[in-house]
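Undergrad: build me a structure from this.
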Amino acid sequence: MQDPNIIGILLNAGLAGLAFVLFLKGWIAPKPSVDRLTKEAEQWRKLYEIERQAHDLTRKGHAEETRAALQAAAEGSQTAMALLEEIRKRQSEAQR
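TA: Here you go, the predicted model:
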């Protein structure tokens with residue numbers, strides 16, 4: 001039979017060794033590093049939200065400009081159509 005103290009020592013050394021290996025692999029990180037990275041991620045998230053809002057505003061402005069240009073073109077074509085109808089009406093009256 002083995003001494004229970006040896007098993008305890010091996011288990012403790014194994015857990016510490018496992019923790020050390022996980023730390024070296026980057027799977028375990030110290031709390032200050034995690035806090036710093038969390039703060040940095042939050043700053044990037046805020047910047048992303050600001051940029052997204054700016055792009056939404058730009059898209060809305062572009063859509064408004066396009067709508068205004070299309071509306072002006074539609075009004076111009078309606079005016080041209082009214083003028084052509086008036087010309088046709090006058091030509092038919094002149095032929096009579």
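
Undergrad: so where is the protein shaky, pLDDT-wise?
TA: 1-4, 6-7, 10 (pLDDT under 70).

Undergrad: can you name every helix or strand that the longest helix belonging to it contacts?
TA: Of all segments of type helix in the chain, defined using DSSP state H, the longest is helix 31-95. Contact analysis of helix 31-95 by 3 or more C-beta pairs under 8 Å, 6 or more residues apart in numbering; DSSP states H and E lists no helix or strand as a packing neighbour. Quick note: C-beta positions are derived from backbone N, CA and C, even for glycine.

Undergrad: ok now that helix, how far from the chain's centre?
TA: 19 Å (C-alpha atoms, centre = their mean, to the nearest Å).

Undergrad: with stretch 16-27 instead?
TA: Put simply, stretch 16-27 sits 36 Å off its chain's centre (C-alpha atoms, centre = their mean).

Undergrad: contacts made by it with the rest, please.
TA: 28-29 (C-beta atoms under 8 Å, 6 or more residues apart in numbering).

Undergrad: put the alpha carbons of it into CSV.
TA: Output in CSV follows, covering the C-alpha atoms of stretch 16-27 (Å, rounded to 0.1, in the frame of the first residue of the first chain):
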residue,chain,number,x,y,z
ALA,A,16,-0.4,23.0,-10.0
GLY,A,17,1.4,21.5,-13.0
LEU,A,18,-1.9,21.4,-15.0
ALA,A,19,-2.6,25.0,-14.0
PHE,A,20,0.9,26.0,-15.1
VAL,A,21,0.6,24.3,-18.4
LEU,A,22,-2.8,25.9,-19.0
PHE,A,23,-1.4,29.3,-18.1
LEU,A,24,1.5,28.8,-20.6
LYS,A,25,-0.8,27.7,-23.3
GLY,A,26,-2.9,30.8,-22.8
TRP,A,27,-6.1,29.0,-21.6
